[in-house]
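Trainee: Predicted coordinates and the sequence they were generated for:
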Amino acid sequence: MSKTVLVSGGAGFIGSHVTVELSQAGYDVVIADNMSNCDETNYKGVCAILGKTLPLIKMDFCDEAAVKALFAKYRFDALIHFAAFKAVGESVAEPLMYYKNNLDSFLNILQAAREHGTNVLFSSSATVYGEPDETPVTEQSPRKPATSPYGNTKQMCEDFLRDCVAAYGMHGIALCYFNPIGAHPSALIGELPRGVPNNLVPFITQTAIGKRECLSIFGNDYPTPDGTCLRDYIDIVDLAKAHVCAVTRMVEGKMDEPYEIFNIGTGRPVSVLELVNSFQKVNALKLNYRFAPRREGDVTAVWADPSLAEKKLGWKATRTVEETLASAWAWEKRLAGK
Ligand code: UDP
């Protein structure tokens, strides 16, 4: 009998790609989303890719009664929690909104998972490592004090899960994403930032399509080979596949410890300038960019040591950064009807 997975925030960028991979791996997926930061574009894209309609429950995970009702209706073998606010700058301006939304929703989910014996996968972020003392970053690298309420909610939710696993005999995995970029090869799902994008790749593709005039590269005086920051850009489909491996590990009872953390990245540092140059080359276009002052809160260099994920999850990134940047551009062009 196939297993059922709840994907909270499944209509968003990462959730939609994970839904496709889970479904193609044979899982039944129920998407639940309050649609606060997306429309139905990605949901419709998911159904088109899969050739079937998946359940989409429009609900808010801060609503305890709605969460209870959801778990009464379905029997989930595992859940993946994506539903959260994610804009760093907004979280600095509106910390209470971030704490209330991101913590309340996860507490409600944990309560339900405890009552129903559901395995929990939490979507965490490399932001928990801050400016690392050593690179690449392993799962043993010390967490640094969060530099934003958003980052703080990621750390706190990791701790909530760790403590619930320890106290209630639950099982949980936290996946720490580095920088997810790109889009599905079908160009039917991808990133849909509202307003001016904060992240690099959507800003690049919007500049290339003419929606933005010029990309600002924040800082070219960092102590790195070309002066721009180093990150670990992980392809969104590769990242989605890591979730399938992690869910399978939980539902098949293959975990070594009841709570595990895995870094999900490529292990390759890429500078902002290298990324911009690769985008121009692979898509045969010229991008309008200029160097601008450093952005407050940016760390100089952070990339993953993904060897634990390879060893234990049997997962490894496979797409090249060029393939990923081509997929991001194909998605932007499709959005523009080109
Ligand atoms: N960046 C940039 N211009 C932009 C957006 C981002 O130069 O318009 C740089 C940013 O300074 C960082 C890298 O791109 O070095 C990745 O930033 P992003 O916001 O995508 O992810 P982060 O690593 O901050 O989570």
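Mentor: Noted; the coordinates are in hand.
Trainee: Show me what from the chain comes close to the ligand.
Mentor: Contact residues (Cβ under 6 Å from any ligand atom) of the chain with the ligand: 179, 198-200, 203, 215-218, 229, 231, 272, 295, 298. The way it works is simple: take the backbone N, C-alpha and C, and place the C-beta from them, glycine included.
Trainee: Now go through these and say which are in helices.
Mentor: Residues of the residues of the chain next to the ligand located in helices (DSSP state H): 200, 203, 272.
Trainee: Any of the residues of the chain next to the ligand buried? List them.
Mentor: Neighbour-count burial within these applies to 179, 199, 200, 203, 215, 217, 218, 229, 231, 272, 298; the criterion is 16 or more other Cβ atoms under 10 Å.
Trainee: Any figure for the gap between the closest residue to residue 336 other than its chain neighbours and residue 119?
Mentor: The shortest distance from residue 336 to any non-neighbouring residue, by Cβ to Cβ, 6 or more residues apart in numbering, is to residue 209 (5.2 Å). Look at residue 209 and residue 119: by Cβ to Cβ, to the nearest Å, they are 41 Å apart.
Trainee: Endpoints of stretch 254-271, how far apart?
Mentor: 37 Å (Cα to Cα, to the nearest Å).
Trainee: Centre of the chain to that stretch, how far?
Mentor: 13 Å (Cα atoms, centre = their mean, to the nearest Å).
Trainee: circling back to that earlier point, could you dump the ones in helices among the residues of the chain next to the ligand to a markdown table with pLDDT?
Mentor: Putting those into a markdown table (pLDDT from 0 to 100) gives the following:
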| residue | pLDDT |
| --- | --- |
| 200 | 98 |
| 203 | 98 |
| 272 | 98 |
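Trainee: Kindly reformat those as CSV containing distance to residue 91.
Mentor: Below are these laid out as CSV (distance: Cβ to Cβ, whole Å):
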residue, distance to residue 91
200, 19
203, 19
272, 23
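Trainee: Look at residue 75 and say how many residues are nearby.
Mentor: Residue 75: 11 surrounding residues under other Cβ atoms under 10 Å.
Trainee: Quick check: closest non-adjacent residue to it.
Mentor: Nearest residue to residue 75, sequence neighbours excluded (Cβ to Cβ, 6+ apart): residue 4, at 6.4 Å.
Trainee: Isn't that neighbour up against residue 31?
Mentor: No. Counting by Cβ atoms under 8 Å, residue 4 does not reach residue 31; the two are 11.8 Å apart.
Trainee: Those two: which has the busier surroundings?
Mentor: Neighbours per residue (other Cβ under 10 Å) separate residue 4 from residue 31, with residue 31 holding more: 25 against 19.
Trainee: Heading C-terminal from the helix or strand where the more buried one lies, find the next helix or strand.
Mentor: Take DSSP states H and E as the rule and residue 31 turns out to sit in strand 28-33. Per DSSP H and E, strand 28-33 leads on to helix 41-50 as the next helix or strand towards the C-terminus.
Trainee: And the contacts of that next one?
Mentor: Contacting residues not belonging to helix 41-50 are listed as 10-13, 15-16, 19-20, 23-24, 31, 33, 53-54, 56, 184, 186, 188-190, 192 [Cβ atoms under 8 Å, 6 or more residues apart in numbering].
Trainee: Same check on stretch 65-80?
Mentor: Contact with stretch 65-80 is made by 3-8, 15, 18, 30, 32, 57, 59-61, 108-109, 111-113, 115-116, 118-121, 123, 243, 247, 250-251, as judged by Cβ under 8 Å, 6+ apart.
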